[in-house]
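Student: Below is the sequence, then the predicted model.
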Amino acid sequence: MCGIAGSLRLDGAQNADREVVRAMCGVLAHRGPDAEGLHADGPLVLGHRRLSILDLSEAGRQPMTNEDGTVWLSYNGQLYEFEDERRRLSSLQHEVAREQSYVAERQATLEAKFDEHDILGWAGSFFTWWRKLNPFEWKTPGAPQTLPDSFRLALFGDWATGLYGAPTCAESMQNDKDGYQVVLHLGDTYYSGTDGEIKDRLLKFWPKVANATNRSLNGNHEMYTGARAYFSAIQQFGQTSSYFAMQNKKWILAGLDTSYADHDLHGEQAAWLQGLADASPEKKLVLFSHHQPFSLLDSQGPKLVAKLEKLFTTKRIYGWYWGHEHHCVLYGPHKLYGLRGRCVGHGGFPYFREKKVLGDAVPTRPTWKRLDSRNLVPFGRVLDGANPFIKDHENEYGPHGYMSLEFDDDELFETVHDADGTKLWAQPIEFDDPK
């Protein structure tokens, strides 16, 4: 029969009252006379009263957790098909015994954890998403950071998996002989930006480049848990807000938070950005965000366009780099707005190669495939190829990599790198439509 209880504070406080839940469990003692258990995590407390029927051992105590302690459950009921379910999970290489680490095994064998077929992983992550009810406290940035007249920027997005090509990308950036003055991640730590995931997948593998300014944008996956762990982590970079600006005599670089409000601009960001642009009309404006303003492969960003309407219609935005879509796409100049768009979302997430767009034949080496203009979205080139980091399934997934941006006076030179640093594209940002 058992009994379950719980308490979730919605007032922002992180000290949920264990004694209240303990008292609830006391009222339920007649339903579960054999044992009592509590688990507290910030504003949440789970309680359980146990009636032992089939499993009389300590392994049946609740609340119970998964293998790495990221998901907790207080459960009432009987799973009559538990033997069949145990065999099914075992066939999926899911370790039923707590002492066997499912996560460590999959990382060691580099299976396609995190992809769309990772049902168990995403289902487990779902139970952490209640934390989005209490997001990090919104902060406004200080004055723009000053950059040298010439500098290099390492750019990567949707990277924080700690798997596949992500560690290799980081190593390649660290070992780049020309170095970088800025290292910038466009957001997303998988599964949902929990404390452990931020520590083990974002910070642990972060490219360690001497004397570089490090910045990371907020992604929708960080926001699944309110992005509190993300916001705490960026303090280590000296980053005091989730949006920011840097500039020199020729350029303004602005990082936007398009995830606090999903695919939108929360707070005063639009006015802040307009003010930066108006204060230095002679400077070229380049934007960085997690979400896209437009796309040939995914949804559009009408809220972003509406919030920044004046900057769009006056063709004030020179370039915009984003992630989120898990591809690398280089767009031609926008016919209405003039800006040059770049999707750089192929840093480490195992994304399936889209055969409907790219065809069945997988190129033997990374190749650029043209995407025709559609519905005012400009033409583009998408990176196609296999992913050598996903063993035995290389041709099912797209390649991983990153970009280098070189700002020299008023010129911007782009390089797209394979994960190992190989140059796949290297030329000025302005390129012509080959048609």
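Tutor: The structure has been received and is ready for your questions. In this text, all values refer to a predicted model and were calculated from it rather than measured experimentally.
Student: which residues does the closest residue to residue 116 other than its chain neighbours contact?
Tutor: Nearest residue to residue 116 in three dimensions, chain neighbours excluded: residue 352, at 6.9 Å (CB to CB, 6 or more residues apart in numbering). Just so you know, the C-beta spots here come from the backbone N, C-alpha and C atoms, and that holds for glycine as well. Each residue near residue 352 by CB atoms under 8 Å, 6 or more residues apart in numbering is listed here: 115, 116, 396, 397, 398.
Student: now swap in residue 265 and tell me
Tutor: Residues counted as contacts of residue 265 (CB under 8 Å, 6+ apart) are 256, 257, 258, 303, 304, 307, 308.
Student: in the chain, which spans are helices?
Tutor: Applying DSSP state H to the chain gives helices spanning 18-27, 82-91, 102-109, 119-126, 166-174, 195-197, 220-223, 228-234, 269-279, 302-307, 309-313, 355-358.
Student: Confidence-wise, which of those is weakest overall?
Tutor: Of all these, the minimum mean pLDDT falls on helix 102-109 (a mean of 42).
Student: Look up which residues are beta-bridged to residue 146.
Tutor: When assigned by DSSP bridges, residue 146 has beta-bridge partners residue 247.
Student: Cross-check the contact I'm expecting between it and residue 248.
Tutor: Yes - the pair residue 146 and residue 248 passes the contact test of CB atoms under 8 Å, sitting 6.7 Å apart.
Student: higher neighbour count, the two?
Tutor: Each of residue 146 and residue 248 had its neighbours counted (other CB atoms under 10 Å), and the higher figure belongs to residue 248 (18 against 9).
Student: wait, the more buried one sits on residue 145?
Tutor: No - judged on CB under 8 Å, residue 248 makes no contact with residue 145 at a distance of 9.8 Å.
Student: circling back to that earlier point, want to throw the helices of the chain into a markdown table with distance to residue 33?
Tutor: Written out in a markdown table, the entries for the helices of the chain read as follows (distance: least, CB to CB, whole Å):
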| stretch | distance to residue 33 |
| --- | --- |
| helix 18-27 | 11 |
| helix 82-91 | 22 |
| helix 102-109 | 33 |
| helix 119-126 | 30 |
| helix 166-174 | 50 |
| helix 195-197 | 35 |
| helix 220-223 | 42 |
| helix 228-234 | 38 |
| helix 269-279 | 56 |
| helix 302-307 | 54 |
| helix 309-313 | 65 |
| helix 355-358 | 58 |
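Student: Comparing these, which comes out most buried?
Tutor: Ranked by mean neighbour count under mean count of other CB atoms under 10 Å, the helices of the chain are led by helix 220-223, which reaches a mean of 26.
Student: Would you mind naming the residues that bridge with residue 44?
Tutor: residue 8, residue 41.
Student: what's it in contact with, if anything?
Tutor: Under the contact definition (CB under 8 Å, 6+ apart), the residues listed for residue 44 are 6, 7, 8, 9, 16, 130.
Student: Quick check on those residues: which are buried?
Tutor: Applying a neighbour-count criterion of 16 or more other CB atoms under 10 Å, the buried members of the contacts of residue 44 are 6, 7, 9, 16.
Student: Pull the most distant pair out of these.
Tutor: Across the buried ones among the contacts of residue 44, the two members that end up farthest from each other (CB to CB) are 6 and 9, 11.2 Å apart.
Student: Thought residue 383 was touching residue 358, still the case?
Tutor: No - Residue 358 sits out of contact with residue 383 when judged by CB under 8 Å, with a separation of 9.8 Å.
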